[in-house]
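1. Turn this into a structure:
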Amino acid sequence: MMELGPATIIMAFVAGMQWRKEGWGDHNPVTKVFTKMWIILEPLIFGLIGTEIQIDKIEPETLGWGILVLVTALLFRMAGTFLAVSCGNLNAKEKIFLAFAWMPKATVQAALGPIFLERAKLMEMTEMYQIGEQILTLAVLSILITAPLGAVTIMGLGPKLLAKKKDQDEDNNIDSEHSDPENDFLEMKTINDHLI
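-> Sure, this is the predicted structure:
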């Protein structure tokens, strides 16, 4: 059976390059269609992943190790994010916010989590079912832990760590007293959602 995954990724990459050459930026008809489709498909993909989970079959030892690995990976991810954005023009508060804001990435886990179990079932490798179920369980566990934790930290830290920069131009000069941290947070969340 031929693998279409790499071909799909390459096709999307080439199409994106060509569209940019034609002058399409981030606001183009394709982006608008995919944004509308994602509104419908996002709950569907996460809902279908959840139907595969059998809570009564989760072993406590697997759960404990899974949480330990997830927390360790998140700490490394946050440190890596902080270092990755250190080369830019961001202040320390913005770097800390980004380290927390990029923590909840569940789309990859939702897409890749069931693949091993699906392949084991397709190839009738019954000895691999348990491993596939563990992988799927840990993928869903990472979604269940990082998504709410990330949302709470973004909402809590956004208004505290993000502030508008003062314009050098006197016409556009904004006093810090008139700065709206919630508006700053919404702008940053929109940027973060676009990066996902």
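2. going forward, measure contacts and count neighbours with C-alpha atoms only.
-> Fine.
3. Local confidence estimate at the residue nearest to the spatial centre of the chain?
-> Nearest residue to the geometric centre of the chain (Cα atoms, centre = their mean): K105, 2.4 Å. You'll see K105 listed with a pLDDT of 70.
4. thinking it is in contact with T146, fair?
-> Yes - here K105 reaches T146: they are 7.3 Å apart, a contact under Cα atoms under 8 Å.
5. Secondary structure element for K160, which one?
-> K160 is part of helix 129-161 when elements are defined by DSSP states H and E.
6. Now do the buried residues in that helix.
-> 129, 132-143, 146, 150-151, 154, 157-159, 161 (16 or more other Cα atoms under 10 Å).
7. With only the CA atoms kept, save stretch 130-148 in PDB.
-> Output of stretch 130-148 as PDB, limited to C-alpha atoms (Å, rounded to 0.1, in the frame of the first residue of the first chain):
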ATOM      1  CA  GLN A 130      -2.200  -3.200  23.800                       C
ATOM      2  CA  ILE A 131       0.800  -1.000  22.800                       C
ATOM      3  CA  GLY A 132      -1.400   0.800  20.300                       C
ATOM      4  CA  GLU A 133      -4.000   1.400  23.000                       C
ATOM      5  CA  GLN A 134      -1.300   2.700  25.400                       C
ATOM      6  CA  ILE A 135       0.000   5.100  22.700                       C
ATOM      7  CA  LEU A 136      -3.500   6.400  22.000                       C
ATOM      8  CA  THR A 137      -4.300   6.700  25.700                       C
ATOM      9  CA  LEU A 138      -1.100   8.800  26.200                       C
ATOM     10  CA  ALA A 139      -1.900  10.900  23.200                       C
ATOM     11  CA  VAL A 140      -5.300  11.700  24.600                       C
ATOM     12  CA  LEU A 141      -3.800  12.200  28.100                       C
ATOM     13  CA  SER A 142      -1.500  14.800  26.700                       C
ATOM     14  CA  ILE A 143      -4.400  16.600  25.100                       C
ATOM     15  CA  LEU A 144      -6.500  16.400  28.300                       C
ATOM     16  CA  ILE A 145      -3.600  17.800  30.400                       C
ATOM     17  CA  THR A 146      -2.000  20.400  28.000                       C
ATOM     18  CA  ALA A 147      -5.100  22.000  26.500                       C
ATOM     19  CA  PRO A 148      -6.800  23.200  29.700                       C
END
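8. No further queries at this time; thank you.
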